[in-house]
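Asker: Sequence and predicted structure are below.
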Amino acid sequence: MEQVKDTQISEHPLPACTVSISPHVKSRESTAKIMWTVNACLLPPLLLSVFIFGFQTLIITLVSVFSCVIAEAVSQKLLHRSITIKDGSAVLTGLLLAYIIPPGVPYWMPILGAVFTIYITKHLFGGLGFNIFNPALIGRAFLVATFPVAMTSAWIMPMNDFSIFKYMQPGVDAVSTATPLYVLKHYGLAALIEKYGAVSTMYKDFFLGVRPGCIGEVSNLLLLLGGLVLIFKKYISWHIPVSVIATIGVLTWIFGGEGYFNGDPILAVLTGGVFLGAIFMATDYVTSPTQKYAQLAFGFGVGAITVLIRLKGGYPEGVCYAILLMNTLTPALDSWFQPKRFAPAKGATK
Amino acid sequence: MSTSLLTFAKGGVHPPESKEITERLAIEKMPLPEEFEIPLLQHFGAPCQPLVKKKDRVEEGDLIGQVTGGLGANVHASVTGTITDIGTSIGPVSLNVPSVTISRDLEAPDKTYTPSDWKSLSPQELLSKIKDAGIVGIGGAGFPAHVKLAPPPGTKVDKLILNGAECEPYLTTDHRVMLEKPEEVIVGAQILLRVLGISEGHIGVEANKSDAIDVLRKAAEAQKLDGAKISIDALQVKYPQGSEKQLIESVTGRKVPGGGLPFDVGVIVQNIGTTKAVYDAVVLNKPLYEKVITISGRGISRPANLQVRVGTRIRDIVQYLGGTKPDLAKIVMGGPMMGFAVSTLDIPVTKTVSGVLFLTKEEIDDQPHGPCIRCGWCVEACPMGLSPNEIGLYVEAGRAADTAPFGVFDCFECGSCAFVCPAKRPLVQFIRLAKQKAKR
């Protein structure tokens, strides 16, 4: 018996064992797993947009995603960093960028936006984890500033007949139309309601996604479902999305109509990319605070600036700039709202 | 259900428990190997001076090492035999610990111990028995028990807590000791209460050991407690439930302040294994040279809860259990969250070793680490309310010396932050570096 055991040991001489610091077990989560899960949660709105606007949206999205991935690889090569395109973060930036530009823009536009934002906003600031601003939003802001006409007019009308090949040629043939918030800002609520028939039809269309707009703002229902998956998986917490949406609703209700307490909160949160911004962009780990209270403050700030831009500023939407402005406050918010220490020694707190 | 379970408020994680490998295996007495390497430093403090020299004959239980000054605990011979060397041994964190090697007398019978009456002894006599037996906190810290049980004059202690949380994955030694020796644990608790001159004792046990909770409750009812009250408190299964500060908070609601010790809030904590050793020392007059350790992980042929003598080499244990498996990737002394990875089997078991894990590639995570994505999971996981992410960034930027305001000295390196980190960042390593460079 003893000898059998001896042979067993010599049959398997001790393999080379790793020696490293504790802990020796780790959770199964990883950066790549998080990124790819978020990417998956963003796919249903894309599929719906193909049915609503035609294949044009899919092509624009693929162009944007591939541009981001290639821009990431080239940037990392140029900066002598290891290439990490498999982690899904460039894909995520590509998806989000495609979701917030009008689907009727020419193909070179997302390419330009992708190269600019991946190289400058992300990698020149230090790469993943070090960028101050949400890369996709900077991509959009850059394109809006550079090509204001295309970026605010290349919208596509939703199709009622599901003839999804209708708008295959980009740019020229896209039927330009106005987004709901543009109509609201320049023609008033009555004009908007007239366009949709009745208030309830309008809400329903906006919630389900039958309306002109970016890919990512069409179906609030699908965005919400994606967000619930992320919250259920504990990849994001409810704090930022809820505070953004609630702030926009409440402030629009108070200040958004004739006199006070007369605005339309439902219309306000169903339009202008509020759900996409609140669920998928304001929650970006890198550019938002880590503390729960700081996240609530961050969400409130995003909501308040959005309403301010919509009511007093020149743009009808506002979510994009509101998030970018609050990104700059993230380090400050994290230092103002510190976690509660476990009975620290006297005089040892920061 | 979960509302009635006690736990701590902030942080904590749920690593896979992996206790199913050994939790149903009864404690098994390992046959004695031929040679023992007994380190003279198995406690928190200074090493012992050897009281023996080469070629001396020692009997099982003889005192062979004594601390001459300062903090320390006695070391005893684990077997009857001849001293063959007084040199150094490899330990999990040090490559040369002074040690005594004994070649066992193969003919000598095991020493037998008979129970004696302890109730007639005074607290002072009990304490000196504990001191003579060389008892230390055998859960891992190795703090001499006789020092812990004699808080400085002026401190008012009203509660004793026995730590049966065993929150480290894989380890099942406290579980098996509670299950198989409940009377000895309860009597040990009574002795500790007598030493401290108090009457309120708690045994905190994580709810995944409900069988142990039941037998301890029965044993506590069956024992004549002489006015003492020992309650068995079910704790929520959450790591690091067995950390001293978190355990005290769970059971009493009191928080030990940073830089403070449990007696600052009127509590003394002892581990289950330590309590059993107190029973052995006081009732059986048997010094601490034998303990139960868990040998587990999917890289060992036969996992077990082994009763081994101090000084047994891991190599002998591996041989007894049929060798390692070919996909073994890491050997850890202690639990997987706070234990030490070792690179050799020629390490002797000490009083503070609670287990040796043989982990395969599937069980460990050796992915390279990436940049911090600021997800904040480490901040949520930290039971001390620290921000490991920021400490890590400071250390990476070469500013480890500036990390004292982040509370690095509150960190007890439970590893919860590094466990949850999706970027696999070595946060505990960063914090250890920060502790070395920062000024208190």
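Answerer: Looks like it came in fine.
Asker: And the residue of the stretch 251-350 of chain A that's closest to chain B?
Answerer: Scanning the stretch 251-350 of chain A for proximity to chain B using CB to the nearest CB identifies residue A:290 as nearest, at 3.0 Å. Yep, even glycine has a C-beta here, placed from its N, CA and C like the rest.
Asker: Give me the nearest residue to that residue, chain neighbours excluded.
Answerer: residue B:376 (3.0 Å; CB to CB, 6 or more residues apart in numbering or on different chains).
Asker: contacting residues around the one you found?
Answerer: Under the criterion of CB atoms under 8 Å, 6 or more residues apart in numbering or on different chains, the neighbours of residue B:376 are A:285, A:289, A:290, A:291, B:389.
Asker: Surely the first one and residue B:372 touch.
Answerer: No: the criterion here is CB atoms under 8 Å, and residue A:285 misses it with residue B:372 at 9.2 Å.
Asker: buried set for stretch A:293-300?
Answerer: Residues of stretch A:293-300 classed as buried by neighbour count (16 or more other CB atoms under 10 Å in any protein chain shown): A:294, A:295, A:296, A:297, A:298, A:299, A:300.
Asker: what about the third one, which helix or strand?
Answerer: Using DSSP states H and E, residue A:296 sits within helix A:292-312.
Asker: tell me the average confidence for that helix?
Answerer: Along helix A:292-312, the predicted confidence averages to a pLDDT of 96.
Asker: Following element in sequence after that helix, please.
Answerer: Moving toward the C-terminus from helix A:292-312, the next helix or strand (DSSP H and E) is helix A:319-336.
Asker: who has more neighbours, residue A:285 and residue B:372?
Answerer: Comparing residue A:285 with residue B:372 by other CB atoms under 10 Å in any protein chain shown, the one with more neighbours is residue B:372, at 25 against 21.
Asker: right, and the secondary structure at the more buried one would be what?
Answerer: Secondary structure for residue B:372, judged by DSSP: H, G, I helix; E, B strand; the rest coil, is coil.
Asker: Would you mind listing the residues in contact with it?
Answerer: Remark: with contacts taken as CB under 8 Å, 6+ apart, residue B:372 is in contact with A:129, B:389, B:392, B:393, B:423, B:425.
Asker: same question, residue B:257
Answerer: A:343, A:344, A:345, A:346, B:264.
Asker: just the strands in the stretch 151-300 of chain B please.
Answerer: All strands of the stretch 151-300 of chain B, identified by DSSP state E, counting those that start in this stretch, fall at B:159-164, B:200-206, B:229-235, B:267-271, B:290-296.
Asker: Of these, which is nearest residue B:129?
Answerer: Taking CB to CB as the criterion, strand B:267-271 is the member of these that comes nearest to residue B:129, at 15.1 Å.
Asker: Domain ranges for chain B, per the record?
Answerer: The record's domain parsing of chain B by automatic domain parsing lists B:31-113+B:288-360, B:114-283, B:377-437.
Asker: Can you lay out those domains as TSV showing mean pLDDT?
Answerer: As requested, the domains of chain B are exported to TSV (pLDDT from 0 to 100):
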stretch	mean pLDDT
domain B:31-113+B:288-360	94
domain B:114-283	94
domain B:377-437	95
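Asker: of all those domains, which lies closest to residue A:274?
Answerer: Closest among the domains of chain B, once you apply CB to CB, is domain B:377-437, at 26.7 Å.
Asker: Quick one: end-to-end distance for that closest one.
Answerer: In terms of CA to CA, to the nearest Å, the two terminal residues of domain B:377-437 are separated by 25 Å.
Asker: Would you tell me which helix is longest in the chain?
Answerer: With no chain named, the answer covers chain A. Of all segments of type helix in chain A, defined using DSSP state H, the longest is helix A:56-78.
Asker: Sorry, I should have been clearer: chain B.
Answerer: Ranking each helix of chain B by length (DSSP H) puts helix B:182-196 first.
Asker: Sketch out the low-pLDDT regions of the stretch 251-350 of chain A for me.
Answerer: Applying pLDDT under 70 to the predicted model, the residue ranges of the stretch 251-350 of chain A that meet it are A:346-350.
Asker: count of neighbours near residue B:126?
Answerer: By the other CB under 10 Å criterion, the neighbourhood of residue B:126 contains 20 residues.
Asker: Right, I'll call it a day here.
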